[in-house]
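Colleague: just coords:
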């Protein structure tokens, strides 16, 4: 997965495709490996983190019926945390666009998801001047 940091878009696409391909035969193993990699590389630049998150999304979507309930719950929590971190990183440069997107998740009369609130809070902290 270290090759996701390669600047060549073809290499990045090959990594994505390889993760998805391996995820077809061993979805839980790939999801756990991606999760572990993201935990160990918490400073990974967001474009590279996105490649892994998109691969995880594809593996989950293509194998949802095969996933163990506990694995799915763990992956979803970690995946949401990683996605929130990506939004906060992007928000350091494009705060208005990210805030527009996050604010669409606030609906009248409905409590927002925990990670929406966490993302909103982390955006405010990372952009406080």
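Modeller: Thanks, I have it. These figures come from a predicted structure and were not determined experimentally. Numbering: from 1, shown residues only.

Colleague: List of residues touching the helix ranked longest in the chain?
Modeller: When every helix of the chain is counted residue by residue (DSSP state H), the longest turns out to be helix 69-91. Helix 69-91 is contacted by residues 28, 31-32, 35, 38-39, 42, 45-46, 49-50, 53, 56-57, 60, 64, 67, 97-99, 101-102, 115, 118-119, 122-123, 126-127 when judged by CB atoms under 8 Å, 6 or more residues apart in numbering. The way it works is simple: take the backbone N, C-alpha and C, and place the C-beta from them, glycine included.

Colleague: How about it, which residues are buried there?
Modeller: Buried residues in helix 69-91, counted by 16 or more other CB atoms under 10 Å: 71-72, 75, 78-91.

Colleague: What of stretch 26-38?
Modeller: 27-28, 30-31, 33-35, 38.

Colleague: With distance to residue 2, pLDDT and secondary structure added, can I get those residues in a markdown table?
Modeller: Shown next, in a markdown table, are the buried residues of stretch 26-38 (distance: CB to CB, whole Å; pLDDT from 0 to 100; DSSP: H, G, I helix; E, B strand; the rest coil):
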| residue | distance to residue 2 | pLDDT | secondary structure |
| --- | --- | --- | --- |
| 27 | 22 | 91 | helix |
| 28 | 22 | 88 | helix |
| 30 | 16 | 92 | helix |
| 31 | 18 | 89 | helix |
| 33 | 12 | 91 | helix |
| 34 | 13 | 89 | helix |
| 35 | 16 | 84 | helix |
| 38 | 12 | 86 | helix |
